[in-house]
Structures are given as C-alpha cells and as structure tokens.
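Peer 1: Below is the structure, and that's it, no one-letter string:
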C-alpha cells in the first residue's frame, strides 16, 4: 500500500508531558522519556472515546490500556506505567482532547446548594509535584533501608477489580439474606476485610525494590524474601513502609481545588477524581 495522502492530517502530539516520576524505574522497553523526563501526548480519537464510555471494557482494563497506547505511544508497556504518571497522563490527554477544561458538580457542605465548577487541567498540571530521591527511601530503626516505588497500572487494576468483586459479593449476600443475623454478617465482613488487607500487603510488597541491612551491607531484592519479611515485622514497622508507598502514590497532580458556594459564599477545598470511568465519561 502506498503512502496515504491523508497522513498529513493524522493527529499530532498536542503536548509533551513531564512525568511526576521523571521516568524513574522505567526501562526503554517500558516507557521512553526524553532528557527532560517527558513523553508525547495525543488527544483522544473517536474510537478511544467510545471505549472509555463502555463500562465492561473499562472494568477489565483492556480499554484503558488501548487508549493509553494510542494517546501516549512513548509508553511501550502500559501495565508498567506507575500511578503518579497515569494520573498526570489522564490530565494531559484531557488537555490534548478538549483544551483541558471540564465541569464538576458539587454540593456545598454548609448550605447544601448544588454548584457547578470549572476545572482547568493546565492549572492542575502546573501545580504537580515530582518524585525526589528522599521519597523513595524509608529507614527503620537505623538498621534497615527500604527502597520503594509507586504502584503500577497492573497492580492498581488488580486492587480495583478485587475490591469490586468483594463489594459485589457483600451486596449480593445482603440482598439475598435479608434475615441474616448480625453475627454472621460481621463474620462475612471480617473475611472480606481480611482479603482486602492481604491484597494491600501484596501490593506494598511488590512496591518494595530492595531492603538493605545497613550494618551488614547486605541488600535483599528477592520478592519472596521481601514478602515474608513484610508480613512478619511489627505493625509500627509495616506502617512506616506502607505510608512511604502511599506517599509515593500521591505524588503528581494536585487532587484538590478551591470551591466557593454561589448561594452562601462558603469556601472549601474539594477533591478531584482522576478515575478514567468518571474523568473521561460523558456528562
């Protein structure tokens, strides 16, 4: 087939997005960034928009992976894309597609009035935070140095899917057993919480790059040994690792915007949700 004469009218990169991780942790086979830690971002195609608004396709993650590959060809392995970069990329795609402005509806916490606010994605991106070396390390009792990284898209999808399945199971049990006693309900709920906790520990374990015994100069990188260590340390020690991973996952675009009620002038900080199902969904 000859060169398509319409090729000159194909989509072009609308912006170059500086990733919150600056490309840290990626190999060239996963994500290719330029010297400034940037990737090219294209706007959504018509097919991308349809896929983002098909709930079943979004739930299994295939649609999202396809959209990311299409809008960010520098991302070679979508499953390895890290959470802070994913949310920044969503904003970049929004800017590339619609100019980056969209409306959110919020109820005033003071008077209950419904308000509609405009969010400017360019402004949200301009307030973005970036990973520092100190963010990737936590020290325990001056004996252990733990290197951590954020969740990947693959890990994030695993957690969301499992949580969805657990919520659906609990809802079905509640609907089908109206006369179930409180003790049985509590037992089912406790089992569900335990499953979610195991998933959380698994995700945190997979986010640990290495554990170094400072005095001995020994570094452990084996995932099985790290996982065994994580579930056998004290709550205080485990919490410090979990908090470090959570902080890393929160780096990137700001997640709050100032809001003011048109009715009573009450001011507050409201949260932004970058979940693609709602962020790209049609109003």
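Peer 2: On my side now, so go ahead. Owing to the predicted nature of the structure, the values given are computational and were not obtained by experimental measurement.
Peer 1: Which residues does stretch 242-258 contact?
Peer 2: Here stretch 242-258 makes contact (Cβ atoms under 8 Å, 6 or more residues apart in numbering) with 20-21, 83-85, 87-88, 91, 117, 119, 124-125, 127-131, 135-138, 146, 148-151, 200, 203-204, 207-208, 267-272, 274. Where you see a C-beta, it was placed from the backbone N, CA and C, and this is true even at glycine.
Peer 1: same thing but at 6 Å, please
Peer 2: Under the criterion Cβ atoms under 6 Å, 6 or more residues apart in numbering, residues 20, 83-84, 87-88, 91, 124, 127-129, 131, 135, 138, 148, 150-151, 204, 207, 269-272 lie in contact with stretch 242-258.
Peer 1: Specify the local secondary structure of residue 154.
Peer 2: Secondary structure, DSSP: H, G, I helix; E, B strand; the rest coil: residue 154 is helix.
Peer 1: which residues touch it?
Peer 2: Applying Cβ under 6 Å, 6+ apart to residue 154 gives the contacts residue 79.
Peer 1: same question, residue 113
Peer 2: 261, 263.
Peer 1: and the contacts of stretch 242-258, which are buried?
Peer 2: Those of the contacts of stretch 242-258 that meet the buried threshold are 20, 83-84, 87-88, 91, 124, 128, 131, 135, 138, 148, 150-151, 204, 207, 270, 272, by 16 or more other Cβ atoms under 10 Å.
Peer 1: What segments of the stretch 51-200 of the chain are strands?
Peer 2: Remark: strands assigned in the stretch 51-200 of the chain by DSSP state E, counting those that start in this stretch are 101-107, 114-120, 137-140, 144-148.
Peer 1: of all those, which lies closest to residue 68?
Peer 2: strand 101-107 (19.2 Å; Cβ to Cβ).
Peer 1: Measure how that closest one sits relative to strand 114-120, angle-wise.
Peer 2: With axes from the mean of the first three to the mean of the last three Cα atoms, to 10 degrees defining the directions, strand 101-107 sits at 150 degrees from strand 114-120.
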